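Enquirer: quick one, fold the following:
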Amino acid sequence: MNRGRAMVRHTCRGSVVLFTVLLALFFSTVPGTGAAFRNMKEGSPALPFALKDFEGKDVAFKPDSGKITILSFVKLSQDRSKEQLKDLVALHKELSPKGIEFLVVASYTDTAEEAKKAIAEFGVPFPIAQDKDQKVYGDYGLFILPASGIIGKDGKFVFEHSSHGRDFKDVVGGKAKVVAGLMTEDEYRKLITPVESVKKSKEESESERLISLGRTLLKRGMPDKAAERFGKAVEIDPKNPAARIAFGESLVASKKYDDALVQFTKARELAPNSKEAQLGIGTVHLEKGEADKAIREISDAAMLNPKPGKAYFWLGAAYEKKGDLPNAVKYYKKAVEKFIKE
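Expert: Alright, predicted model coming up:
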């Protein structure tokens, strides 16, 4: 009997590890914000490779060719990848005459039929290679699909972009123009800076600027510096729940849990239906080892959220900390299912 229980615990722990790894990948890949590649950073030499397209023709990428290249990794059955292909076709029409080259690498799971359909539907004029052995994916350290990188004339990475959003053509195409000398950095910044349709007070605008700066610092692994910006944003605009939530998240990252709880609680007072504030409170309880409190708060956050994948992940973590491995696995599974659908 004891041996059977031990086997169940072993199986559950294995599942917990698996789902934690899967969810870590999901959370590290927010569209357009996180790193697209593990092994390619700005200034890294791009790696050459030789693949075949879906008709068996050779496709080679030579970073030292002296040309600017937009290199994109896609999964042809994925909606975001299809949208990216459409945008790449539009960018190719504009930028190919300027000497910028395009190359797409498809997932090892993609089929010749899917490639043929995509090429016909979107009028793809550039090569789509298949990485059957996932070697290129591994060499470049793909975090997410779709993902794109821009390689300069010197063969080095100059820009990376994760996932796909409505601003893809401006963000990626604009940066390619900067690299090619077709646009200045100032023009690029103006292009990708959202235009405010509603006039905001000086305090609101400055608070939002500080929040944006703080989020960038947080993503770069500098929670203390991020907290300084978020704290200033709260000071300037104390009734802004987004500023308080961001401040709370940075304080959690700095392990200042009591201070974080103050910010999340105030944010919930300002916005009673805020799922992020509720989830923040639950996260603080989890980090403090208060699993039962965490489960109550995070369960409420999941009910408030039409896309509860993140809440399910933290519920799994709370149950794991409590030692309830079957429920931990249950919620990790639900989180993965939600993220796959979303």
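Enquirer: was I right about Lys259 contacting Ala253?
Expert: One thing to correct before we go on: residue 259 is Asp, not Lys. No. Asp259 is not in contact with Ala253 according to C-beta atoms under 8 Å; the separation is 11.7 Å. For glycine as for every other residue, the C-beta is placed from the backbone atoms N, C-alpha and C.
Enquirer: so where do the strands sit in the stretch 101-250 of the chain?
Expert: 101-106, 128-130, 147-151, 157-162 (DSSP state E, counting those that start in this stretch).
Enquirer: which one of the ones you listed is the most hemmed in?
Expert: strand 147-151 (a mean of 25; mean count of other C-beta atoms under 10 Å).
Enquirer: that one pairs with which strands?
Expert: strand 69-74 (antiparallel), strand 157-162 (antiparallel) (DSSP bridges).
Enquirer: between that strand and strand 101-106, how many degrees?
Expert: Angle, strand 147-151 to strand 101-106, by axes from the mean of the first three to the mean of the last three C-alpha atoms, to 10 degrees: 150 degrees.
Enquirer: need the residues that contact strand 147-151.
Expert: Strand 147-151 has contacts (C-beta atoms under 8 Å, 6 or more residues apart in numbering) with 36-37, 40, 46, 63, 68-73, 84, 140, 157-163, 172, 175-176, 179.
Enquirer: spatially nearest residue to Leu182 (excluding sequence neighbours)?
Expert: Lys98 (6.3 Å; C-beta to C-beta, 6 or more residues apart in numbering).
Enquirer: point out where the stretch 151-300 of the chain drops to low pLDDT.
Expert: 194-200 (pLDDT under 70).
Enquirer: residue ranges for the helices of the stretch 201-342 of the chain, please.
Expert: Secondary structure of the stretch 201-342 of the chain by DSSP state H, counting those that start in this stretch: the helices cover 202-219, 223-236, 241-253, 257-270, 275-287, 291-304, 309-322, 325-341.
Enquirer: for Ala115, which of these is the nearest?
Expert: Closest approach to Ala115 among the helices of the stretch 201-342 of the chain is made by helix 325-341 (22.3 Å; C-beta to C-beta).
Enquirer: helices or strands up against that closest one?
Expert: helix 2-27, helix 309-322 (3 or more C-beta pairs under 8 Å, 6 or more residues apart in numbering; DSSP states H and E).
Enquirer: mean pLDDT lowest for which of these?
Expert: Lowest mean pLDDT within those: helix 2-27, a mean of 45.
Enquirer: each with direction, which strands does the helix or strand following it pair with?
Expert: Using DSSP states H and E, the helix or strand that directly follows helix 2-27 along the chain is strand 49-53. Strand 49-53 has the following strand partners under DSSP bridges: strand 58-61 (antiparallel), strand 128-130 (antiparallel).
Enquirer: can you list those in TSV and add mean pLDDT?
Expert: Shown next, in TSV, are the strands paired with strand 49-53 (pLDDT from 0 to 100):
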stretch	mean pLDDT
strand 58-61	95
strand 128-130	95
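Enquirer: reformat those strands as CSV; add distance to Met183.
Expert: CSV is the format used below for the strands paired with strand 49-53 (distance: least, C-beta to C-beta, whole Å):
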stretch, distance to Met183
strand 58-61, 25
strand 128-130, 27
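Enquirer: so which of those strands is nearest Leu103?
Expert: strand 58-61 (5.7 Å).
Enquirer: what does the closest one rub up against?
Expert: For strand 58-61, contacts defined as C-beta under 8 Å, 6+ apart pick out 46, 48-53, 69, 71, 103, 127, 129.
Enquirer: same check on stretch 242-261?
Expert: Outside of stretch 242-261, the residues within contact range by C-beta under 8 Å, 6+ apart are 207, 210-211, 214-215, 218, 223-224, 226-227, 230-231, 233-234, 237, 263-264, 266-267, 270, 274, 276-277, 280-281, 283-284, 287-288.
Enquirer: just the buried members of the residues you listed?
Expert: Using 16 or more other C-beta atoms under 10 Å as the burial test, the contacts of stretch 242-261 include 207, 210-211, 214-215, 218, 223, 226-227, 230-231, 233-234, 237, 263-264, 266-267, 270, 274, 276-277, 280-281, 283-284, 287 as buried.
Enquirer: burial count for Thr265?
Expert: Per other C-beta atoms under 10 Å, the neighbour tally for Thr265 reads 16.
Enquirer: and it, how far from Ala294?
Expert: Distance of Thr265 to Ala294, computed by C-beta to C-beta, to the nearest Å: 15 Å.
Enquirer: same check on Tyr319?
Expert: 9 Å.
Enquirer: and the protein, what are its domain boundaries?
Expert: For the chain, automatic domain parsing gives the domain ranges 49-192, 202-341.
Enquirer: just the ones you listed: most buried one?
Expert: domain 202-341 (a mean of 20).
Enquirer: so how far is that domain off the chain centroid?
Expert: 17 Å (C-alpha atoms, centre = their mean, to the nearest Å).
Enquirer: so what's Val158 up against?
Expert: 42-43, 150-152, 175, 179.
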